[in-house]
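[1] Let me see the structure of the following:
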Amino acid sequence: MNTNKLRAYIILSLMAGTTVLQADTNNIPVLEIKADQSTGQVSPTLYGLMTEEINYSYEGGLYGELIGNRTFKDGTNGLKFWGATGGAIISVDTNALNSALDWSLKVDASDTSASSPAGIVNGGYWGIPVRPNTSYQVSFYARASSDFPGPLKVSLESKDGKTVYATAEFSSFSGDWQFFETQLTTKNVTPSKDNVLKITTTEPGTIWFQQVSLFPPTYKDRPNGNRPDLMKLLADMNPKFLRLPGGNYLEGNSIAQRFEWTNTVGPIQERAGHESPWNYWSTDGLGLLEYLEWCEDLNIQPVLAVYAGYSLNHTHINPGDDLQPYVQDALDEIEYVTGDASTKWGAQRIRDGHAAPFPLNYIEVGNEDQFDRSRSYKDRFAQFYDAIKAKYPQLQIIATTTQTNRVPDLLDEHYYRSEEEMEAHALDYDSYPRTNHTKIFCGEWATRVGSPTPDMAGALGDAAWMTGMERNSDLVVISSYAPLFVNVSDLSRGGSMQWRTDLIGYDALNSYGSPSYYAQKLFSLYHGDTILGTDSTNIPTQLWQPPARTRNGVPQPRPPAQMIRKIFFDATRDSDTGTIFLKLVNTLGTAEPVEVQISGVSSVEHKGKAIVLKADSQDATNSIEHPTNVAPVEETMGGLGNDFTKTLPPYSITILELQMK
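    Predicted coordinates for the structure are as follows:
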């Protein structure tokens, strides 16, 4: 194509939108794998998990508790998710169980009868799941007026009241707080989620309740543990770490609403809870120890973020004497995780039920401190860095923005982009200098396409980006997609979702992985330990016009159009078996033949394995109703060798396992 024609073609492309161009329409793309050339080692911790309380990720999500607002602190009147039944009058009262749970639910059941039992009802987080032949642990604290003889009836039943799955009775109430618990066991019933827990009486009186709880079986039967199906989805991803307790959730909307780890350990009835940054209450039932046990259950390591004196409302703690208590708090937190019985906080962890210390290699100081208008992070970071390194020199310390007065071990970079932006930046890490460059933790990133969970366009953008991270994982040593979870039950404003495009979706009963989930899983499962040298020619490209942007309401100059790749790849080799893993991402809507040339080995087996994630359109996705609409398919592939052609399906992610002879 001559220069004038090319210029006219580009102008027409800008006018018409996105147009596919190829370097040479007479030749197919060629990928060269240099199997005898290593450009670095694949980081063994590259793929992990990032989590925080958003989209009802814990309350109503991973954390096993089925009762919504079990401590009556959520909502403007403390009654969110609660209702009265049979003529009862309910209100939040100052009658406290203890200093942490400093109010309770008062139930006036004076208007009750045998034909119309009065009490309270909770529908969980948009439903309570009932499964066949399953035991649920119900518990609560209660006290009663002197004229209340009891009993109280607890029942697990359908929302319409037509089906009662299990019941139990409690008696012997007094004016003092007492703890009650039992098992509710279902029979061979049909799984359902439109159910409620009721606590009622046919005798008049006044009863106060606190911490009403209903727990199903948990992952690995862990007490106060996590939801099994969600944990299984995580385990199947083969992650290597969990970044905890999250980003904004660590900071809090204000300093007073930060994640105070000391308030999240010890008996759950002594945890006050706190307001999360996403406008609902966190009971802190899933606290620091439960995070660590979550890691233990998945056989992964924690990446522990410590509060560094900055919160989302742009308030901060001045470095120096004002910050010192927060630095000490971080040191105490590390001691809780790693200390033995001879230490104050190690002994506390042992009293909390976990004798062995947890492994810990990474500490992140703060979160997204580039938003701190005071520009105090460099001094705050230095104060944390010096104190942590002095006591724990073996720990790798992560900064959340570039530092000049201390050299962090890693720098946390966050990216939320469109598919085209991810493709445009997929080669960024190729150009990062290696000499004296701080290692990278890509701690939050996602292709934000699709809601509530990503569609195939999101998965393709993610995969393009991951080829760049994996190809450069001598530099990018850990990474984690965010957000991890979303409750898809109520997607209206103020409902169960606060952030669109989340990796895993669920309601009270079912769960599913998005196309991006499967992309993450494939990249994590299929790679070697050595990064191979690669080269390419004739890669299809596409003209892309970046969107116009505003800053503080002021329109910014529109970025120039640019050509972006449409096929992405990387190659790694397993040192033990010699297996080469070739990842190929075709973001085009057409089938694309690719010639693969492998040098540096004598020969390649003629048969290998292909794992393909593909869709008919970019907006194809998964859902509660269709959880595996887009899912990987494994197949045996023949016709391989040192030089072969593979046709990539439209909108696809393909992984080839190639065996050396």
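[2] Show me the strands in the stretch 401-550 of the chain, by range?
    410-417, 439-447, 476-481, 485-487, 504-506, 511-513, 530-537, 541-544, 550-551 (DSSP state E, counting those that start in this stretch).
[3] go on, the stretch 551-661 of the chain?
    Using DSSP E, counting those that start in this stretch, strands in the stretch 551-661 of the chain cover 554-555, 562-565, 567-573, 580-586, 592-599, 608-614, 633-637, 643-648, 652-658.
[4] so which of those comes closest to P29?
    strand 592-599 (4.9 Å; Cβ to Cβ). Heads up, the C-betas are built off the backbone N, CA and C, glycines and all.
[5] Paired strands for that closest one, with orientation please.
    Using DSSP bridges, the strands paired with strand 592-599 are strand 30-41 (parallel), strand 643-648 (antiparallel).
[6] where does this protein have low pLDDT?
    1-26 (pLDDT under 70).
[7] Just list the residues touching the closest residue to R448 other than its chain neighbours, thanks.
    The shortest distance from R448 to any non-neighbouring residue, by Cβ to Cβ, 6 or more residues apart in numbering, is to T501 (4.4 Å). Contact analysis of T501 by Cβ atoms under 8 Å, 6 or more residues apart in numbering lists A446, T447, R448, V449, G450, S451, P452, T453, P454, G458.
[8] So which of the residues you listed is the closest to S146?
    Distances from S146 to the contacts of T501, taken by Cβ to Cβ, are shortest for P452, at 50.1 Å.
[9] pretty sure the closest one is touching L491, no?
    Yes. Counting by Cβ atoms under 8 Å, L491 is a contact partner of P452 at 6.0 Å.
[10] neighbour count winner among the two?
    Neighbour count, other Cβ atoms under 10 Å: between P452 and L491, P452 has more, with 20 against 13.
[11] The more buried one and E605: what is the separation?
    Applying Cβ to Cβ, to the nearest Å, the value for P452 to E605 is 43 Å.
[12] cool, and I440?
    For I440, the distance to E605 - Cβ to Cβ - is 35 Å.
[13] So between those two, which is more surrounded?
    I440 (22 against 14).
[14] what number of residues lie near the closest residue to that one other than its chain neighbours?
    Spatially, and ignoring its direct neighbours in sequence, I440 is nearest to V476 (4.5 Å; Cβ to Cβ, 6+ apart). Other residues within reach of V476, judged by other Cβ under 10 Å, total 22.
[15] T438 is in contact with V476, correct?
    No. Between V476 and T438 there is no contact under Cβ under 8 Å: 11.3 Å.
[16] Mutual contacts of P452 and L491, please.
    Contacts common to P452 and L491, judged by Cβ under 8 Å, 6+ apart, are M497.
[17] list the contacts for L288?
    Neighbouring residues of L288 by Cβ under 8 Å, 6+ apart: P245, W261, T264, V265, E333, Y336, V337.
[18] quick one: contacts for the closest residue to D455 other than its chain neighbours?
    Excluding its sequence neighbours, the residue lying closest to D455 (Cβ to Cβ, 6+ apart) is T621, at 4.0 Å. By Cβ under 8 Å, 6+ apart, the contact list for T621 reads G450, T453, P454, D455, M456, S514, P515, N629, V630.
[19] Can you read off the backbone torsions of T621?
    Torsion angles at T621 (phi, psi; degrees, to the nearest 10) stand at phi -150, psi -180.
[20] could the strands of the stretch 401-550 of the chain go into a markdown table alongside distance to G87?
    Converted to a markdown table, the strands of the stretch 401-550 of the chain look like this (distance: least, Cβ to Cβ, whole Å):
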| stretch | distance to G87 |
| --- | --- |
| strand 410-417 | 50 |
| strand 439-447 | 49 |
| strand 476-481 | 49 |
| strand 485-487 | 32 |
| strand 504-506 | 35 |
| strand 511-513 | 38 |
| strand 530-537 | 70 |
| strand 541-544 | 64 |
| strand 550-551 | 55 |
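[21] Can you pull the phi/psi pair for the residue nearest to R448?
    phi 70, psi 80.
[22] Distance of it relative to D462?
    Taking Cβ to Cβ, one finds T501 at 10 Å from D462.
[23] Ok, D176 next?
    56 Å.
[24] Neighbour count: those two, which is higher?
    For D176 and D462, the more surrounded residue by other Cβ under 10 Å is D462, and the numbers stand at 28 against 7.
[25] Buried residues of stretch 67-76, list them for me.
    Using 16 or more other Cβ atoms under 10 Å as the test for burial, stretch 67-76 gives I67, G68, N69, R70, T71, F72, K73, D74.
[26] Next, the distance between the ends of that stretch.
    Its start and end residues considered, stretch 67-76 measures 18 Å (Cα to Cα, to the nearest Å).
[27] who touches that stretch?
    59-60, 78-82, 92, 101, 103-105, 122-125, 197, 209-214, 273, 280-281, 283.
[28] so how far is stretch 503-515 off the chain centroid?
    12 Å (Cα atoms, centre = their mean, to the nearest Å).
[29] just stretch 500-510 next, same as before
    Worked out by Cα atoms, centre = their mean, stretch 500-510 lies 11 Å from the chain centre.
[30] How about stretch 152-161?
    33 Å.
[31] Tell me which residue is most central in this protein.
    Centroid-nearest residue in the chain: L484, 2.2 Å away (criterion: Cα atoms, centre = their mean).
[32] and that one, how far is that from G533?
    As for L484, its distance to G533 is 34 Å (criterion: Cβ to Cβ).
[33] Next: T185.
    With Cβ to Cβ as the criterion, T185 and G533 are 60 Å apart.
[34] When the two are compared, which one has more neighbours?
    With neighbours defined as other Cβ under 10 Å, T185 and G533 compare such that G533 has more, 17 against 13.
[35] The more buried one contacts S38, correct?
    Yes. Contact criterion Cβ under 8 Å: G533 and S38 qualify, at 7.3 Å.
[36] Pull the number of nearby residues for the residue lying closest to W82 once chain neighbours are set aside.
    Excluding the flanking residues, the one nearest W82 by Cβ to Cβ, 6+ apart is N122, at 5.6 Å. Number of residues near N122 (other Cβ under 10 Å) recorded here: 20.
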